[in-house]
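*Asks:* Coordinates only, no sequence provided:
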């Protein structure tokens, strides 16, 4: 399997992947359905009171205010048009509207997010400390490597010794090369040397780690811009992708981080991690809707294969699958 076979859009997940997704979204589902059940108890039709309850449920599930209001407006229109909608139909109605919302943005359109016949394919990974950035890089490297691709990692988060060491451990575990210059070295220099070696060694994929925080936000964003410029001296169209990693368990903080990074960096794809440990899985819906940037990967467990290519249909099916 080559690089672009790996990147092809997955129309369906296999049985094991579906089970992992179902398990990873358990806490979100439990929270959503228990609240929905309480909202409709004793009621036969979807009325204004039920819609008010639904609005509160979606916001508390970290779908986000703007996206929640959009969903509520759509359901109100359906109720007005159909005149009588029973509470038993609410699950199906909500499912349809969320699926439609996700269908209107670029999420899951993996095939359009990659440039064909680019080698090496350079991914620069950004995000604040603690979101699972380095772990995501390690899992991606493992999946690319298993697919038969030559992978080189760049330890560009040189402001934390732990980040450099962690990436080197991932390299040893996966069996891929890691370029590092040690702590406090110039991140741009690390990125340049990584890309240079990737070209010389005919590598398929380059993944560059970056700092999550400097002493102020302006410096961080300037550093990311510098890394891009320096890589482009050797490979003019690098990076081919800027992947922003967000921690799904932080809910609205993930929105804030996405806002900050998308203002100052040309983010082209999102990875939302740690969904298995939270009831805030609704954040995937809100972020996907608000930023119109593809959610490319979701983390639904600790194992390497638990970093999944995001499939919006499978996500919605799992979210509304009752036990």
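*Replies:* Received, thanks. Here the structure is a predicted model, which is why all the values come from computation and not from measurement.
*Asks:* Next up, the contacts around the nearest residue to residue 78 once chain neighbours are set aside.
*Replies:* Spatial nearest neighbour of residue 78, chain neighbours left out: residue 93 (6.2 Å); criterion: CB to CB, 6 or more residues apart in numbering. Yep, even glycine has a C-beta here, placed from its N, CA and C like the rest. For residue 93, the contacting residues are 46, 75, 78, 85, by CB atoms under 8 Å, 6 or more residues apart in numbering.
*Asks:* Next one: the third one, what pLDDT does it get?
*Replies:* The predicted structure scores residue 78 at 87 on the pLDDT scale.
*Asks:* wait, is it part of a strand?
*Replies:* No: per DSSP: H, G, I helix; E, B strand; the rest coil, residue 78 lies outside any strand segment and is helix.
*Asks:* what about it, distance to residue 90?
*Replies:* Applying CB to CB, to the nearest Å, the value for residue 78 to residue 90 is 11 Å.
*Asks:* what about the two, which has more around it?
*Replies:* Using other CB atoms under 10 Å, the more surrounded residue of residue 78 and residue 90 is residue 90, with 21 against 15.
*Asks:* List the contacts of the more buried one.
*Replies:* 36, 40, 46, 50, 54.
*Asks:* With residue 30 instead?
*Replies:* residue 279.
*Asks:* got it, and the one 3 residues further on?
*Replies:* With contacts defined as CB under 8 Å, 6+ apart, residue 33 is in contact with residue 322.
*Asks:* And residue 45, by the same measure?
*Replies:* 84, 85, 86, 87.
*Asks:* domain parsing for this structure?
*Replies:* 3-104, 114-312 (the TED database).
*Asks:* Return the distance of the last one from the chain's centre.
*Replies:* Mean C-alpha position of domain 114-312 versus that of the full chain (CA atoms, centre = their mean, to the nearest Å) differs by 11 Å.
*Asks:* And the strands in the stretch 151-300 of the chain?
*Replies:* 151-154, 177-179, 205-209, 241-247, 269-273, 295-299 (DSSP state E, counting those that start in this stretch).
*Asks:* For residue 26, find the nearest of the ones you listed.
*Replies:* strand 295-299 (14.1 Å; CB to CB).
*Asks:* and after that closest one, which helix or strand comes next?
*Replies:* strand 307-309 (DSSP states H and E).
*Asks:* any residues touching that following strand, and which ones?
*Replies:* Residues contacting strand 307-309 (CB under 8 Å, 6+ apart): 10, 13, 17, 20-21, 110, 136, 139-140, 143, 271, 273, 296-300.
*Asks:* I'd like to know how many residues surround residue 256.
*Replies:* Neighbours of residue 256 (other CB under 10 Å): 13.
*Asks:* Spatially central residue in the protein, please.
*Replies:* residue 271 (2.0 Å; CA atoms, centre = their mean).
*Asks:* Excluding chain neighbours, what is closest to residue 189?
*Replies:* residue 181 (6.3 Å).
*Asks:* Quickly note the distance from the closest residue to residue 138 other than its chain neighbours to residue 221.
*Replies:* Using CB to CB, 6+ apart and skipping the chain neighbours, the partner closest in space to residue 138 is residue 170 (3.2 Å). Distance, residue 170 to residue 221, by CB to CB: 26 Å.
*Asks:* Compare these two (neighbour count), which wins?
*Replies:* Using other CB under 10 Å as the criterion, residue 170 and residue 221 rank with residue 170 on top: 23 against 17.
*Asks:* how about the helices in the stretch 201-323 of the chain?
*Replies:* Assigned by DSSP state H, counting those that start in this stretch, the helices in the stretch 201-323 of the chain fall at 217-234, 252-264, 283-291, 312-319.
*Asks:* low pLDDT regions in the stretch 151-300 of the chain?
*Replies:* 214-218 (pLDDT under 70).
*Asks:* at 80 what do you get?
*Replies:* Residues of the stretch 151-300 of the chain meeting the criterion pLDDT under 80: 213-221, 264.
*Asks:* how about the strands in the stretch 1-150 of the chain?
*Replies:* Under DSSP E, counting those that start in this stretch, the stretch 1-150 of the chain gives strands at 121-126.
*Asks:* for it, which spans come out with low pLDDT?
*Replies:* 1-12, 33, 39-43, 83-85, 87, 104-117.
*Asks:* on that earlier part again, for the residue nearest to residue 189, what are its contacts?
*Replies:* 155, 158, 189, 190, 193.
*Asks:* chain center to stretch 313-323, what's the gap?
*Replies:* Using CA atoms, centre = their mean, the offset of stretch 313-323 from its chain centre is 18 Å.
*Asks:* How about residues contacting it?
*Replies:* With CB under 8 Å, 6+ apart, stretch 313-323 has contacts from 12-13, 17-18, 21-22, 25, 28-29, 32-33, 91, 94-95, 98-99, 102, 108, 281, 284, 298.
*Asks:* ok, back up a step: in JSON lines, list the domains of the chain along with distance to residue 321.
*Replies:* Below are the domains of the chain laid out as JSON lines (distance: least, CB to CB, whole Å):
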{"stretch": "domain 3-104", "distance to residue 321": "6"}
{"stretch": "domain 114-312", "distance to residue 321": "13"}
